[in-house]
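Asker: whatever this is, show me its structure:
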Amino acid sequence: MGNKAVVQEFFDSITAGEFDRAAELVEPTGRWNMPRRGITYTLAEQVRILREENMTFAITELTAEENRVSALVSGYMTRPNGDRFDKSYHFLITVDGDHLVDVDMYDDGGLAERIVAEVAPATRGSDPNTQLARAFFAAISNSRFADAAALLTPDATWWSAGRRAERPARAELDRIRGRGAEGWGDSTFAPGPFLADGDRVAVQTEGRDPSCVVLRFAGPFIAQLWMYGGER
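Answerer: Next up, the predicted model:
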């Protein structure tokens, strides 16, 4: 199989939900690197992450030289409200035989900015991390959970003092979505003053069950959240 054909089959397998086949096409200990986010996974880990995400892919252009393939790829997802939530990617992929062995992924740098513009336009022009934090809370308060999740790194965590536990941030968003009005009601995140310092933003939330939340950013994405006070 040619190098371009290996890359094409990998993305076709992900789109078709054939993740076992996708796993066969990668070197498990190979590298999947996301330079904009400062995150690297093994290829086996990334296939498991893609299994959990509800995205499909379409390759728009493939260019190959020796064992390297450049792929321009469109990713598609439908938000819970039916709106499209699409991204563009450039992948630089190294192929060895019939396996992907190294992947550098560059995604749409304008995604976070578009979410800020849609969800929290009044924050534009302030500290970039504060903009993203406000957009994250506004998305939760308006039940735009796909937007909130898009602002997280794939392995983002959420720690709660009330539960003395850390869990994946996407799982926490699912919990919040499942509880609905019972869990939030008039205590939706109505953020008060923000304090930005380096890669962290601290905010007091208002409402029936006030709390303090600290967010740590990795580039334009939220990597960790710590909640103090509110049980939620």
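Asker: looking at this, D147 is in a strand?
Answerer: No: applying DSSP: H, G, I helix; E, B strand; the rest coil, one finds D147 to be helix, outside a strand.
Asker: which residues in the protein form helices?
Answerer: 3-15, 19-24, 43-52, 111-119, 128-141, 145-150, 169-183 (DSSP state H).
Asker: point out the most buried one among the ones you listed.
Answerer: Most buried of the helices of the chain, by mean neighbour count (mean count of other CB atoms under 10 Å): helix 128-141, with a mean of 23. To be clear about C-beta, it is placed using only N, CA and C from the backbone, and glycine gets the same treatment.
Asker: contacting residues around S70?
Answerer: Listed by CB atoms under 8 Å, 6 or more residues apart in numbering, the contact set of S70 reads E61, L62, T63, A64, H90, F91, L92, I93.
Asker: so which of the residues you listed are in strands?
Answerer: Among the contacts of S70, the ones falling in strands (DSSP state E) are E61, L62, T63, A64, H90, F91, L92, I93.
Asker: so where's the chain shaky on pLDDT?
Answerer: When residues are selected by pLDDT under 70, those of the chain lie in 36-37, 78-85, 108-126, 161-164, 179-192, 205-211, 229-232.
Asker: okay, now the domains of it?
Answerer: Split into domains by automatic domain parsing, the chain comes to 3-107, 111-228.
Asker: of all the helices of the chain, which lies closest to H99?
Answerer: Among these, the nearest to H99 by CB to CB is helix 3-15 (7.2 Å).
Asker: how far away from the center of its chain is that closest one?
Answerer: 22 Å (CA atoms, centre = their mean, to the nearest Å).
Asker: export the helices of the chain as JSON lines, with columns for distance to R216.
Answerer: Listed next are the helices of the chain as JSON lines, based on distance: least, CB to CB, whole Å:
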{"stretch": "helix 3-15", "distance to R216": "29"}
{"stretch": "helix 19-24", "distance to R216": "30"}
{"stretch": "helix 43-52", "distance to R216": "20"}
{"stretch": "helix 111-119", "distance to R216": "15"}
{"stretch": "helix 128-141", "distance to R216": "9"}
{"stretch": "helix 145-150", "distance to R216": "16"}
{"stretch": "helix 169-183", "distance to R216": "11"}
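Asker: P193 is nearest to which of those?
Answerer: helix 128-141 (10.4 Å).
Asker: can you flag the buried ones in the ones in strands among the contacts of S70?
Answerer: The neighbour count (16 or more other CB atoms under 10 Å) marks L62, A64, F91, I93 as buried among these.
Asker: pick the one among these closest to F10.
Answerer: Comparing those against F10 with CB to CB places I93 closest, at 8.5 Å.
Asker: dig out what the closest one forms beta bridges with.
Answerer: I93 has these beta-bridge partners by DSSP bridges: V69, V103.
Asker: need the contact list for it.
Answerer: Counting by CB under 8 Å, 6+ apart, I93 has contacts V7, R68, V69, S70, A71, L100, D102, V103, D104.
Asker: switch to 7 Å and redo it
Answerer: V7, R68, V69, A71, L100, V103 (CB atoms under 7 Å, 6 or more residues apart in numbering).
Asker: next: A64.
Answerer: Counting by CB under 7 Å, 6+ apart, A64 has contacts N3, K4.
Asker: returning to what we had before: how about the ones in strands among the contacts of S70 in JSON lines, adding distance to R31?
Answerer: Converted to JSON lines, the ones in strands among the contacts of S70 look like this (distance: CB to CB, whole Å):
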{"residue": "E61", "distance to R31": "23"}
{"residue": "L62", "distance to R31": "20"}
{"residue": "T63", "distance to R31": "21"}
{"residue": "A64", "distance to R31": "19"}
{"residue": "H90", "distance to R31": "16"}
{"residue": "F91", "distance to R31": "13"}
{"residue": "L92", "distance to R31": "12"}
{"residue": "I93", "distance to R31": "11"}
